[in-house]
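Colleague: Task: produce atomic coordinates for the following.
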Amino acid sequence: MANHKSALKRARQTVKRTERNRFYKTRIKNITRAVREAVASGDVEKATEALKSANQNFHKYVSKGVLKKNTAARKVSRLAKLVNAMSKAA
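Modeller: Coordinates of the predicted model:
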């Protein structure tokens with residue numbers, strides 16, 4: 001364990017950040033899963049609504065510093081590609 005005052009503070013900050021990052025990583029996975037499940041079920045309206053929610057949330061996480069801009073854009077792009085392919089097939 002840390003002995004210096006600054007090292008103790010760093011340990012506390014690490015615990016807080018780890019908890020916060022775990023929350024956001026889980027949230028990102030759940031949002032992505034919701035879009036993929038909507039696509040798998042074949043419901044176009046539900047899929048587009050889930051994609052819209054994913055887009056909003058991912059870009060909100062960019063402004064909070066959780067995700068990088070290009071990472072969010074890449075994730076949204078891949079989900080949009082799935083939804084568009086499904087809606088063309090329907």
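Colleague: I'd guessed Val66 sits against Tyr24; true?
Modeller: Yes. Counting by CB atoms under 8 Å, Val66 does reach Tyr24; the two are 4.6 Å apart. (C-beta placed from N, C-alpha, C; glycine too.)
Colleague: who touches both of those two?
Modeller: Counting by CB atoms under 8 Å, 6 or more residues apart in numbering, Val66 and Tyr24 have no common neighbour.
Colleague: Between those two, tell me which one has more neighbours.
Modeller: Comparing Val66 with Tyr24 by other CB atoms under 10 Å, the one with more neighbours is Val66, at 18 against 14.
Colleague: Look through this protein and tell me its longest helix.
Modeller: The longest helix of the chain (DSSP state H) is helix 5-41.
Colleague: Any buried residues in that helix, and which?
Modeller: 28, 31-32, 34-35, 38-39 (16 or more other CB atoms under 10 Å).
Colleague: out of those, who's nearest Ala47?
Modeller: Within these, proximity to Ala47 (CB to CB) peaks at Ala38, which comes in at 3.9 Å.
Colleague: ok, now which ones touch that closest one?
Modeller: Contacts here follow CB under 8 Å, 6+ apart; on that basis Ala38 touches 46-47, 49-50.
Colleague: where does it sit relative to Tyr61, distance-wise?
Modeller: Ala38 sits 20 Å away from Tyr61, going by CB to CB, to the nearest Å.
Colleague: And Lys52, by the same measure?
Modeller: 15 Å.
Colleague: what's stretch 50-61 in contact with?
Modeller: Contacts of stretch 50-61 (CB under 8 Å, 6+ apart): 24, 27-28, 31-32, 34-35, 38, 67, 72, 75-76, 79-80, 83.
Colleague: picking up where we left off before, turn the buried residues of helix 5-41 into TSV, including pLDDT and distance to Gln56.
Modeller: Output for these, formatted as TSV (pLDDT from 0 to 100; distance: CB to CB, whole Å):
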residue	pLDDT	distance to Gln56
Ile28	97	13
Ile31	97	10
Thr32	97	14
Ala34	96	13
Val35	97	12
Ala38	95	16
Val39	95	18
